[in-house]
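Novice: Build the 3D model from these lines:
(one chain, ligands or ions: 1)
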Amino acid sequence: MALLEVSGLTVATHDDRAPALVKGVSFSIEAGEIVGVVGASGSGKTLTALAVAQLLPRTLDVDAHSLVFDGVDLMESTDTERAEVLGGQLAMVFQDPLSSLNPVRHIGSQMIESVRRHRGLSKREALQLAETCLADVGMVDPAGCLKKHPHELSGGMRQRVMIAMGLMGDPRLIVADEPTTALDVTVQAQVIDLIVKINRERGTAVMFVSHNIALLSEFCSRILVMREGKIVEDLSTDALLAGASHPYTRALIRAVPNLTTDRDRELATVDDL
Ligand SMILES: Nc1ncnc2c1ncn2[C@@H]1O[C@H](COP(=O)(O)OP(=O)(O)OP(=O)(O)O)[C@@H](O)[C@H]1O
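Specialist: As a prediction, this is how the structure comes out:
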């Protein structure tokens with residue numbers, strides 16, 4: 001069984017007359033796999049990621065035939081089971097770390113909060129773990145970082161802190177929603193290298209949301225293409241680079257000049273995809 005199996009996931013507003021925002025999508029992610037989710041703005045990528053992490057706002061209705069993470073159907077599970085999964089095994093990294101971090105609290109106290117609640121560690125043990133996780137994500141002075149406030153760190157460093165915070169629970173899946181979009185290109189590459197390193201060294205699966213199919217093709221083994229709330233294609237990156245793809249995927253490829261596939265020449269002759 002896959003690590004994550006989503007079947008018939010629908011997300012909608014409470015307005016019955018409005019069309020659903022995510023329309024019955026199904027996909028799976030194997031343990032240790034990096035899967036990209038790509039699509040134009042508004043195609044439903046973030047809502048799908050938030051539904052997996054059970055973080056959708058209450059203003060939205062969510063329904064699914066099943067949403068099984070590590071053998072537990074989160075649609076059917078108790079609050080306690082869900083809290084256990086979400087308290088550690090599944091970590092979420094957002095585009096803007098500043099909106100996830102409390103500006104007036106030290107990094108250390110924010111990092112240890114969840115792990116103390118869910119794993120019953122003492123403050124000292126939790127701070128030791130936080131320091132180790134900060135070292136794992138390449139922070140040069142992990143002990144010093146614990147005593148800093150978010151605004152004292154650069155954007156790239158804040159994103160490393162968010163990833164370190166996710167690692168505190170030793171997750172099996174990291175759901176990363178455009179984690180590098182707000183960063184400049186060099187820092188973006190460093191954060192992606194870090195996520196790939198975590199995947200290789202710890203076997204952590206990754207669901208990586210981006211609007212950039214070329215970027216995803218560099219490190220994902222599989223890519224889900226979303227359009228208007230549906231997954232229109234689910235293909236391996238090898239298949240993508242070989243050129244076998246849906247017209248909408250080809251349009252996304254065409255929008256990125258530095259991704260070359262066998263189809264590129266053909267694409268230049270295809271009108272109005
Ligand atoms: N809380 C909400 N209430 C109502 N509609 C919403 C809500 N959140 C998102 N939407 C709408 O749902 C659709 C899908 O949004 P979503 O954020 O998943 O898109 P996305 O593919 O992640 O886009 P982007 O790349 O711009 O982040 C959009 O039309 C958006 O306006």
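Novice: So is stretch 80-92 next to the ligand?
Specialist: No. Under the criterion of CB under 6 Å from any ligand atom, the ligand is not reached by stretch 80-92; the shortest gap measures 13.7 Å. No exception for glycine: its C-beta is placed from N, CA and C like everyone else's.
Novice: tell me which residues of that stretch are tucked away?
Specialist: Neighbour-count burial for stretch 80-92, with 16 or more other CB atoms under 10 Å as criterion, is recorded at 82, 85-92.
Novice: got it, and stretch 57-76?
Specialist: The neighbour-count check on stretch 57-76 (16+ other CB under 10 Å) flags 60, 62, 64, 67-69, 72, 74-75 as buried.
Novice: What of stretch 195-211?
Specialist: Under the neighbour-count criterion of 16+ other CB under 10 Å, stretch 195-211 has 195-196, 198-199, 204-211 buried.
Novice: Now do stretch 211-223: distance to the chain's middle.
Specialist: Here stretch 211-223 shows a centroid-to-chain-centroid distance of 13 Å under the convention CA atoms, centre = their mean, to the nearest Å.
Novice: go on, stretch 202-218?
Specialist: Using CA atoms, centre = their mean, we find the averaged C-alpha position of stretch 202-218 to lie 8 Å away from the chain's own average C-alpha position.
Novice: Restricting to C-alpha, output that stretch in CSV.
Specialist: Extracted C-alpha coordinates of stretch 202-218, given in CSV (Å, rounded to 0.1, in the frame of the first residue of the first chain):
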residue,chain,number,x,y,z
ARG,A,202,15.8,9.8,5.7
GLY,A,203,13.6,8.3,3.0
THR,A,204,11.0,11.0,3.7
ALA,A,205,8.4,11.2,0.9
VAL,A,206,7.7,14.7,-0.5
MET,A,207,4.7,16.3,-2.1
PHE,A,208,6.1,19.5,-3.7
VAL,A,209,3.6,22.1,-5.1
SER,A,210,4.9,24.5,-7.7
HIS,A,211,3.7,26.4,-10.8
ASN,A,212,7.1,25.6,-12.4
ILE,A,213,7.1,22.3,-14.3
ALA,A,214,10.8,22.7,-15.3
LEU,A,215,11.9,23.1,-11.7
LEU,A,216,9.9,20.0,-10.6
SER,A,217,11.3,17.9,-13.5
GLU,A,218,14.8,18.4,-11.9
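Novice: need the residues of the stretch 51-200 of the chain near the ligand, please.
Specialist: Residues of the stretch 51-200 of the chain lying close to the ligand by CB under 6 Å from any ligand atom are 57, 59-60.
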